[in-house]
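Enquirer: What would the 3D arrangement of this be:
(3 chains)
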Amino acid sequence: MGASIQYFLSGLSIGGVYALLALGFSMMWSVARAANFNHGDIFMVGGMGTVVFLGLGLPVWVSAVLAILIATIAGALIERFLIRPFNREPNSVGWMLTTVAIGVMIVGASTALLGSAARPLPSPLMDEPLRIGGAGIFPQELLLPAVAVLTTLALYLFQSRTHLGRAIRAVAANRTAAELMGIDADRVTLYVFAVAGGLGALAGFLVAPVIQASTTIGLAFGLKAFMVAIIAGITNPAGVVIVALVFGVVERFIEGYFSTSARDAVGFSIMILVLLAFPQGIFARKEVAKV
Amino acid sequence: MRTGFLRKLALRGSLASAVLAAISVTAIPAAAQQAQPCIGASWELTGALAHLGRQIRYGVETALAEINGAGGVLGQQLRLRVYDDGGEPPRAVDNAMRIGEQDNCIVMIGGARTPSAIALRQPLHDMGLPWIGVVSAGVRVLDHEGRANKWMFRVGLNDGLVAPFLIDNALKLSPARKVAFMHEASAWGQGAAPFVQNAAKNANLTLVGTETFNVGDTDMTAQLIRLRTAGAESIVYYGLDAETDALLRSMERLNYRPTIVSALGIGAQLSSTAGPLANGVRVMGTFSFWGKLDPNAQRVLNTIMANNREVTGPKDLLLHSGTASAYDVTNIIARAITLAGSFDRTKLRDALYKVQFRGLITDYNPAFSPQNHDALRAEMYRMFVFHDGMVIPVEDSPYAAKK
Amino acid sequence: MTTSPLLSIEGLQVRYGAIEAVTDATLSVMPGEFVGVIGSNGAGKSSTMRAIAGVLRPAGGKVRFDGADVTGRRGHAMVHLGVAMVPEGRMIFGDQTVRENLLLGAYSRVMRNDQSVGQDMDEVLELFPRLRERIGQLGGSLSGGEQQMLAIARGLLSKPRLLIVDELSLGLAPKILDMLFPILAGLNARGLSILLVEQMASYALQVTSRTYVMENGRTMFSGPSRELAHDDRVLDAYLGRHRSD
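Expert: Residues are numbered from 1 along each chain as shown, chains lettered A, B, ... in the order given. Below is the predicted model:
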C-alpha cells in the first residue's frame, strides 16, 4: 500500500514536469504545425539560469524571473529565425533540423561555460518530506503537477475569455482565415512560442530543487514530453496534461512492479500500442465542420 | 606500407579524417620516427562528464607547470594537446589517430570513461603509442582478452579489485550481512556487475537485492522500496553525482537510510547538491586533498588554486583521486622520458617499467612491470566518507567509531 | 468619371510552385461599385482574390488600393487598410461560438479599442436574425447557409471599404441564395464597394453593375452586367452551363 502511494505521488510529480513541457509542445504545434525540438534545452535554461543568477548574488525570485525571461525571449527568437523561415510550405521539415542544431549548440556552449556538473537549487520546500502511510514526498514535488494543472486552466480561460486568446485559437484552427480577420498570424505564433519557452523554463526552475540543475538534462525530458504530446493528441492541451500525468504514474508503477531497466522499454511500447489504436492521439480533436 | 595505410584508413570514422591522415602519413616517414615533446589527451570537455575532464586537466597542467618551470624534459618544454571526445568512443579514436599521427605526440593520457579507453586498444596498438589511464577503471582497458597489452597503462582503480574492496567494506557496515548491489545501467555499471557478483560469492555473501537505474533518472523510490523490503543495510553502489543525489532524496522520502558504499563515481559535487543528505555516504578512492596534507600535496593544491581562479579550496576539486592520478602520471611520464633519453615511444614504454617517483598517491617504485600495467594495487585503495561538505578518510571521521 | 478607382490590379500573376494559376489579371473597382468576376472552375478567379486579400503572394503585377501600391501586403495588413474577404468555403472557426467568430471579425477594431463594435454587432445581427438565434452555438454546428451568413457578417465587422466575396453560392441551396444575394445588393446600396467572384454567372449578373470574365488565368473582357447577360460569349459559356445544372 505504501509502495503504491509512493509510486502514485512520485509519478504525479514527474508527470507534472512532462505536462508543462508537453503543454509547450502542444501550444507551439497548434499555431505553427511545427515545434521547437530543443524545448528540453529551454527547460534546462530555467533551472541552470536560476542557479547561475543565484550564484551572482541575486535573490532566488529575481533569478528565476530572469531565467524565465531569457527562455521567453529565446522562444521568440527561435520561432522568428529558426522556424518561420523554414516552415513556409505546408510540409516543411527544415525547422526540425534548425531547432535540433540550436539545441546541440545551446547545450555545448552552456556546458563549456558552466561545466556539466549538477548544481543545487535550494528550496525550503525540499527540507522535509511529507510522509503519508509509508510513502514520502517533498512539497516541492507536489508543486509540479499543481502548477501544470493550474497553468492548463489559466490557458483555457485565457483562450476562451480574451481577444488574443481567441486569436490564438483562430490561428491554430485556420491560419488563412485568421489573417483574413486582421490577425497577424506570424506575430501570434511568435507570442505563443515565447510563452511556451517561458513555461518550459518555469518547469525547469520548479523541478531543479528536486532533480538538480545541469546543462544536459533537457534531452530526455524534452523527448518524453514530445512523445506524450503526440500520443495525447498534440492539439488538445487538456488531453496532453492528463496523459502526461498518467504517463508519469505509469512509469513509476512499471519501475515498481517490473524493473527500472524495463521502464523505458515498456513505457515506449505502451506509447506505440496506444498510437496504433489512436493514430491521431487519445484526445485528438474531432474537426467540427460542415460544408 | 600500402596495406598499413589502408588498415589505418579502415579504422577511421570519417572520410575527412582519412584525408587528414593520408596527408600526415605521407608527410612523416612512419619508421623510426622521433616523436614530439607533447602529451596528447582525448577528454570529455563537453558532455555529461565534462567536469571530470577538467579535474584530470588540473592534475596534468599543474605537473607540467612544475616540470617546464624546472627546464622541461631533455631540454624541451613538454606540451599538452587536448581534444574533446564528448564521451563518445568513435571521437576518442579519431582524436587518438590525430595525436598519434598528425601531432606525433610521444604519449597519451586517458580520460574518465571506460568505453572510450577500450575503443583505443586497437589504434594505440597499431600506432605503437603509449597511453596511461587515470580514471577509466574497466578491467578490459588493460586486459586485452588473449592479446598482449603492450601500450596501455593505468594509475587508477581497477574494477576487478574495486568490487572485492567494496563488498568487504559493505560487509563491515552490516554485521547481519544484509548487503545489496545497485548500479547504473551503463557500460560502466553493467561491466562492473559480474565482478561484484563474483566478489560477493568469494565472500560467501548472498546479495539481498540487485537494482539498476538509468543515467538521468531522478527518482529511485521504486528500487529503494524493494531493498527496504529485503532489509538491505548497506549498498554497494556504482553511480555518478546526479543520480546519487536522486538516490539520497529518495532515501529521505522513504525515511530509509542504508549506508551507501560507492565506487569512484561520485565526487565532491554531491555534497553541494545533496547538502547534509550526503553525510555518511562512503566513496572509495586513492587520495584526498582534505585534511592535513604533507608538504608535497599542499604545494600541488596551492599551485592548482593559484593557476585556476575557480578553485578556492579542496571543495572545488570534484574528483581528488583523479586529479592526483593525473598529477602523478604526468610526472611519471616526464621522468620516464628522461630515463629513455630520447622522444622515442618504444623507449618511453620500456622506461615506464623502471621509472621511480614519489607521487601524491603512493611511492611508485617502479610504477609498472611488464606483468602489471596497473600502478595502484588494492592495498592502496582507501575508503572516504562525505561529511559536512568534505570527503575525508573514514578513519579521521566521526563515522570511524561506528562499528 | 473623374474619381479614381478604390481597387485596381494590373497584370497580376499567381503561381503555385511551377503551376501558373493566374497569368494576367487586370481589373478595377470604383468607390461604391458592385463588381462581379465570372468564369469557369479553375479560371483563376479565387487565386486572384486571394492575392488581392494578401493571403497569397502575387508572383507579378500590381495591386493598388485607394491609390497606394499594396502589392504583397499580408492578409491582416489588408484588413487594416479596409479590405475584407469572405473566403471560398467560408472558413468559419468551428470550435468557436457564433459570437466569438463575430468578435474575431472585428479583431483589428477590438484591438484598437474601437467603441462602436458593439453597435455594429447589433446591426449585423439585425441583418442576419438567424445568427442572433444561434449566437452561443459553435460555428461548426451551423448549417451551410448559416455559416455563409456568419462569414459575411464577420467580414462586415471589420468595417471594410471593400468586401470581397469568393464563391458565395458554393454548396448552398437556391432558396438561401435568393436571400443572400439581395442582402449583398442592399449592402452595396448603402455604399459598400463589393467585388464578387461567382461561378453561378446568372446570380452574379443580376446583382452586380459591372462584370469581368476570366478564362485560363486571364481577365478576358468586361462590361456592364446587364449587357453581358445578353452577350453571346457569356450565354454560351456560362449561362448555358448554368441552365443545365
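
Enquirer: How far off centre is the helix or strand where B:Ser250 lies?
Expert: If you go by DSSP states H and E, B:Ser250 is part of helix B:241-254. Using CA atoms, centre = their mean, to the nearest Å, the distance from the centre of helix B:241-254 to the centre of the chain it belongs to is 24 Å.

Enquirer: And the following helix or strand past that helix, what does it pack against?
Expert: Following the chain from helix B:241-254 toward its C-terminal end, the next helix or strand by DSSP H and E is strand B:259-262. Contacts defined by 3 or more CB pairs under 8 Å, 6 or more residues apart in numbering or on different chains; DSSP states H and E place strand B:259-262 against helix B:159-173, strand B:234-238, helix B:241-254, strand B:282-285. Any C-beta I mention is one placed from the backbone N, CA and C, and that applies to glycine too.

Enquirer: Save those as a markdown table, and put in mean pLDDT too.
Expert: Supplementary listing: the helices and strands packed on strand B:259-262 in a markdown table, determined by pLDDT from 0 to 100:
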| stretch | mean pLDDT |
| --- | --- |
| helix B:159-173 | 95 |
| strand B:234-238 | 97 |
| helix B:241-254 | 93 |
| strand B:282-285 | 96 |
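
Enquirer: Nearest to A:Ser92, out of those?
Expert: helix B:241-254 (36.8 Å; CB to CB).

Enquirer: And chain A, is the closest one touching that?
Expert: Yes: for helix B:241-254, a contact with chain A is found by CB under 8 Å from any CB of the partner chain, at B:241-242, B:245-246, B:249, B:252-254.

Enquirer: Would you point out the most distant pair within these?
Expert: Set against one another by CB to CB, the residues of helix B:241-254 next to chain A have their most distant pair in B:Asp241 and B:Leu254, with a gap of 20.8 Å.

Enquirer: For the chain, which residues score under the pLDDT cut-off?
Expert: Went with chain A since none was named. A:1, A:285-291 (pLDDT under 70).

Enquirer: could you do chain C instead?
Expert: Flagging of chain C using pLDDT under 70 yields the residue ranges C:1-2, C:240-245.

Enquirer: residues in it within reach of chain A, list them.
Expert: C:53-55, C:74-77, C:79-80, C:84-85, C:87, C:89, C:91-96, C:100, C:103-105, C:107-108, C:110-111, C:138, C:140-144, C:147, C:154-155, C:158, C:171.

Enquirer: can you tell me the residue of chain C closest to chain B?
Expert: Taking CB to the nearest CB, chain B has its nearest neighbour within chain C at C:Gly17, 35.3 Å off.

Enquirer: Neighbour count: B:Asp241 and B:Leu254, which is higher?
Expert: B:Asp241 (29 against 22; other CB atoms under 10 Å in any protein chain shown).

Enquirer: which residues does the spatially most central residue of chain C bridge with?
Expert: In chain C, the residue lying closest to the centroid (CA atoms, centre = their mean) is C:Val165, at 1.5 Å. With DSSP bridges applied, C:Val165 shows beta-bridge pairing to C:Val86, C:Leu196.

Enquirer: give the contact list for it.
Expert: With contacts defined as CB atoms under 8 Å, 6 or more residues apart in numbering or on different chains, C:Val165 is in contact with C:85-86, C:152, C:155, C:184, C:194-197.

Enquirer: distance of it from C:Leu102?
Expert: When CB to CB, to the nearest Å is applied, the distance between C:Val165 and C:Leu102 equals 17 Å.

Enquirer: mind checking the longest helix of chain A?
Expert: helix A:2-32 (DSSP state H).

Enquirer: Just give me how far the helix or strand just after that helix sits from the chain centre.
Expert: Read in the C-terminal direction, the helix or strand following helix A:2-32 is helix A:39-55, with elements assigned using DSSP H and E. Here helix A:39-55 is found 14 Å from its chain centre; the criterion is CA atoms, centre = their mean.

Enquirer: Give me the angle between helix A:39-55 and helix A:2-32.
Expert: For helix A:39-55 against helix A:2-32, the angle between stretch directions is 110 degrees (axes from the mean of the first three to the mean of the last three CA atoms, to 10 degrees).

Enquirer: ok, and for helix A:39-55, which residues are buried?
Expert: Buried residues in helix A:39-55, counting neighbours by 16 or more other CB atoms under 10 Å in any protein chain shown, are found at A:39-54.

Enquirer: how about the strands in chain C?
Expert: If DSSP state E is used as the criterion, the strands of chain C fall at C:7-16, C:19-29, C:34-38, C:60-65, C:68-69, C:83-86, C:162-166, C:193-197, C:210-215, C:218-224.

Enquirer: coming back round to it: wait, does the longest helix of chain A contact chain C?
Expert: No: judged by CB under 8 Å from any CB, helix A:2-32 makes no contact with chain C; its nearest approach is 11.3 Å.

Enquirer: Return the distance of that helix from the chain's centre.
Expert: Computed by CA atoms, centre = their mean, the separation of helix A:2-32 from the middle of its chain amounts to 8 Å.

Enquirer: Pull out the buried positions in it.
Expert: Within helix A:2-32, the residues that qualify as buried are A:3-4, A:6-32, counting by 16+ other CB under 10 Å.

Enquirer: of the residues you listed, list those near chain B.
Expert: Counting by CB under 8 Å from any CB, A:3, A:6-7, A:10, A:13-14 from those sit close to chain B.

Enquirer: just these now: which is nearest chain C?
Expert: The shortest distance between chain C and any of those, using CB to the nearest CB, involves A:Ile14 and amounts to 31.3 Å.

Enquirer: tally of neighbours for whichever residue of the stretch 51-200 of chain B sits closest to chain A?
Expert: Of all residues in the stretch 51-200 of chain B, B:His51 sits closest to chain A, at 4.0 Å by CB to the nearest CB. Around B:His51 there are 23 other residues, counting by other CB under 10 Å.

Enquirer: Which pLDDT value does the model give it?
Expert: Among the per-residue scores, B:His51 holds a pLDDT of 84.

Enquirer: mind checking how far the spatially most central residue of chain B is from B:Ser262?
Expert: Using CA atoms, centre = their mean, the residue of chain B that lies closest to the mean C-alpha position is B:Val135, 0.4 Å off. Noted for B:Val135: a distance of 14 Å to B:Ser262, by CB to CB.

Enquirer: the strands in chain A, which residues?
Expert: Under the criterion DSSP E, chain A carries strands at the ranges A:130-132, A:135-137.

Enquirer: Between the helices and strands packed on strand B:259-262, which one is closest to B:Phe181.
Expert: Ranking the helices and strands packed on strand B:259-262 by their distance to B:Phe181 (criterion: CB to CB) puts strand B:234-238 first, at 4.9 Å.

Enquirer: Could you check that closest one and say which residues are buried?
Expert: Quick answer for strand B:234-238 (16+ other CB under 10 Å): B:234-238.

Enquirer: Point out the most buried one among the strands of chain C.
Expert: With neighbours defined by mean count of other CB atoms under 10 Å in any protein chain shown, none of the strands of chain C is more surrounded on average than strand C:83-86, at a mean of 28.

Enquirer: So out of everything in the stretch 201-350 of chain B, what residue is nearest chain C?
Expert: Using CB to the nearest CB, the closest approach of the stretch 201-350 of chain B to chain C is made by B:Thr218 at 36.8 Å.

Enquirer: Which elements pack onto the longest helix along chain C?
Expert: Assignment by DSSP H gives helix C:174-189 as the longest helix of chain C. Contacts of helix C:174-189 with other secondary structure elements, assessed using 3+ CB pairs under 8 Å, 6+ apart, are made with strand C:34-38, helix C:144-156, strand C:193-197, helix C:201-207.

Enquirer: Can you mark which positions in the last one are buried?
Expert: By 16+ other CB under 10 Å, the buried positions in helix C:201-207 come out as C:201-205, C:207.

Enquirer: now those as JSON lines including distance to A:Pro129?
Expert: Converted to JSON lines, those look like this (distance: CB to CB, whole Å):
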{"residue": "C:Ala201", "distance to A:Pro129": "77"}
{"residue": "C:Ser202", "distance to A:Pro129": "79"}
{"residue": "C:Tyr203", "distance to A:Pro129": "74"}
{"residue": "C:Ala204", "distance to A:Pro129": "75"}
{"residue": "C:Leu205", "distance to A:Pro129": "80"}
{"residue": "C:Val207", "distance to A:Pro129": "75"}
